[in-house]
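*Asks:* please work out how this folds:
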Amino acid sequence: MSEEQIRNLQSTGGAHLAASEKNILGNHLSQVWETVKKTRGGRIDIVLDNAGFELYCDCIFAFTEKASLNETSGLASEVHFHGKRFAWFVSDVTSQDWDWLLNIMVYGQLFPHATDVQIESLRRLGNRWKGYFKERKWVYEQHPFWCTGYTYWDLQSEAPDLFIYLSKADLVIFKGDLNHRKLTYDCAAPADTPFEIAIGPMSSSPGAPRSDVVVGLPNIEMAQKLDREEPGWKISGKYASCCPLVSRSTW
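*Replies:* Numbers count the residues shown, from 1 in each chain. Purely as a prediction, here's the structure:
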């Protein structure tokens, strides 16, 4: 993509967000929302992707009404974040990134052009999030399995403790390209392969929580059309697939 296209993709403006929705090729958001509503008062786990602004957005997501603490909407009593002991990819979230984000919100200037009022708001928000960690309402984890070469099909056999830990969550959200590839065994499966089939044991095992992997689309014709018209669409970052999440009821 061009630099302008990347800026538009990352924009938080309403018009840009609405325009980008057409690029969510397999959109199961209504199903996701029904799952989220069932977690009321439970636990949500988020397997993180990138540090920096994306991590800040992950925290906002955990804080807001769609997946927040009882004081806001009652959809979750605790949120567990899963980062890495070191950056498997250069931008992966580590514990240092957590410390940096919360400390710069409280003591620094997260956004370079923020006003004094905005800086004060961020400071209060940062202190609130620090309080969540002290109270164990937010928990940061960094299991060594996330930095191995195994796909998540091997999670139960290679890290049974992590498998059991995740199975205690009411909802587990895997974010980003690397997690998507490891969930689907990095296989060149047909693009209309159902997601619950593509993730193998992560869906079928009792108790369960570089190829161009795209699965979960409503039909194969959509992928074939993009193959003809936009070579490289699977790795450009322009399109997304919002696949059904794996909840404890499925496991």
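
*Asks:* any idea how far Asp49 is from the residue nearest the centre of the chain?
*Replies:* Residue closest to the average C-alpha location in the chain (Cα atoms, centre = their mean): Lys175, at 2.5 Å. Remark: distance between Lys175 and Asp49 (Cβ to Cβ, to the nearest Å) = 4 Å. In short, each C-beta sits where N, CA and C put it, glycine included.

*Asks:* one more: Lys234?
*Replies:* Here Lys234 is placed at a distance of 17 Å from Asp49 (Cβ to Cβ).

*Asks:* pLDDT score assigned to the residue nearest to the centre of the chain?
*Replies:* With respect to pLDDT, Lys175 scores 93.

*Asks:* what sits up against the helix or strand harbouring Phe81?
*Replies:* Per DSSP states H and E: Phe81 is located in strand 76-82. Applying Cβ atoms under 8 Å, 6 or more residues apart in numbering, the contact partners of strand 76-82 are 39-48, 58, 62, 67-70, 93, 98, 136-143, 146, 169-170.

*Asks:* among the residues you listed, which are in helices?
*Replies:* In helices, defined here by DSSP state H, the members of those are 58, 62, 98.

*Asks:* may I see the buried residues of the helix ranked longest in the chain?
*Replies:* Using DSSP H to define each element, the chain has its longest helix at helix 116-134. Across helix 116-134, burial judged by 16 or more other Cβ atoms under 10 Å covers 122-123, 125-126, 129, 132.

*Asks:* dump those residues to a markdown table, plus distance to Glu21.
*Replies:* Listed next are those as a markdown table, based on distance: Cβ to Cβ, whole Å:
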| residue | distance to Glu21 |
| --- | --- |
| Leu122 | 28 |
| Arg123 | 33 |
| Leu125 | 27 |
| Gly126 | 31 |
| Trp129 | 29 |
| Tyr132 | 31 |
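
*Asks:* out of the residues you listed, flag the one nearest to Phe86.
*Replies:* Trp129 (23.4 Å; Cβ to Cβ).

*Asks:* residues touching that closest one, list them.
*Replies:* Counting by Cβ under 8 Å, 6+ apart, Trp129 makes contact with 59, 63, 102, 105, 138.

*Asks:* who wins for neighbours among those?
*Replies:* When neighbours are taken as other Cβ atoms under 10 Å, the top entry among the contacts of Trp129 is Met105 (24 neighbours).

*Asks:* helix or strand for that residue, which one?
*Replies:* Mapping Met105 onto the secondary structure by DSSP H and E places it in helix 95-107.

*Asks:* and that helix, what's its mean pLDDT?
*Replies:* For helix 95-107, mean pLDDT is 96.

*Asks:* what does it contact?
*Replies:* With contacts defined as Cβ under 8 Å, 6+ apart, helix 95-107 is touched by 51-52, 55-56, 59, 81, 83, 85, 110, 122-123, 125-127, 129-130, 140, 142.
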